[in-house]
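Participant: This is a predicted model, with the sequence first.
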Amino acid sequence: MTSDDRNKRNPETLGAIGKVTLEKLASLSSKIRDDVATEADRVNHEILSEIVALASNRVSVEKNESILKEGGSAWTERTESHYPHIRLHGGALEDDPLKMMIR
């Protein structure tokens, strides 16, 4: 799948992806609580948890940026080298887009 393909996803598809992701995360959480999870289940749970946290972070940043653009007061953090973000888990910057070297 190319980046163009990913960018062409419609809101319905993106919503379905989010819904399935949350359902799978809940299923994996249940398996972990019931102590029947495999190592792969635990790894997948960790990955999905991070995706959900980063997506939630992205939505929070966008909301706060909108509030600021409308003249309201909202917290954001900006540095010269990083995009606006809200810190996760005590200070993650993983939500920043990757810097690409284009020559």
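Facilitator: On my side now, so go ahead.

Participant: by contact count, what packs against the top helix by length along the chain?
Facilitator: Looking across the chain with DSSP state H, the single longest helix is helix 39-69. Where contact means 3 or more CB pairs under 8 Å, 6 or more residues apart in numbering; DSSP states H and E, helix 39-69 is packed against helix 11-33, strand 82-85. C-beta here means a position set from N, CA and C on the backbone, and glycine is covered the same way.

Participant: any low-confidence regions in the protein?
Facilitator: 1-7, 75-103 (pLDDT under 70).

Participant: please redo it, this time with the cut-off set to 80
Facilitator: The chain contains residues with pLDDT under 80 at 1-8, 58, 61-62, 64-65, 68, 74-103.

Participant: I'd like the helices and strands packed on helix 39-69 written out as a markdown table, with mean neighbour count and distance to residue 60 added.
Facilitator: As requested, the helices and strands packed on helix 39-69 are exported to a markdown table (neighbours: other CB atoms under 10 Å; distance: least, CB to CB, whole Å):
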| stretch | mean neighbour count | distance to residue 60 |
| --- | --- | --- |
| helix 11-33 | 12 | 15 |
| strand 82-85 | 15 | 9 |
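
Participant: Output the ones you listed in CSV, with distance to residue 51 appended to each entry.
Facilitator: Output for the helices and strands packed on helix 39-69, formatted as CSV (distance: least, CB to CB, whole Å):
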stretch, distance to residue 51
helix 11-33, 7
strand 82-85, 16
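
Participant: and residue 49, which of these is closest to it?
Facilitator: Closest of the helices and strands packed on helix 39-69 to residue 49 is helix 11-33, at 6.6 Å (criterion: CB to CB).

Participant: Name the surrounding residues that touch the closest one.
Facilitator: Helix 11-33 has contacts (CB atoms under 8 Å, 6 or more residues apart in numbering) with 9, 37, 41-42, 44-45, 48-49, 51-52, 55.
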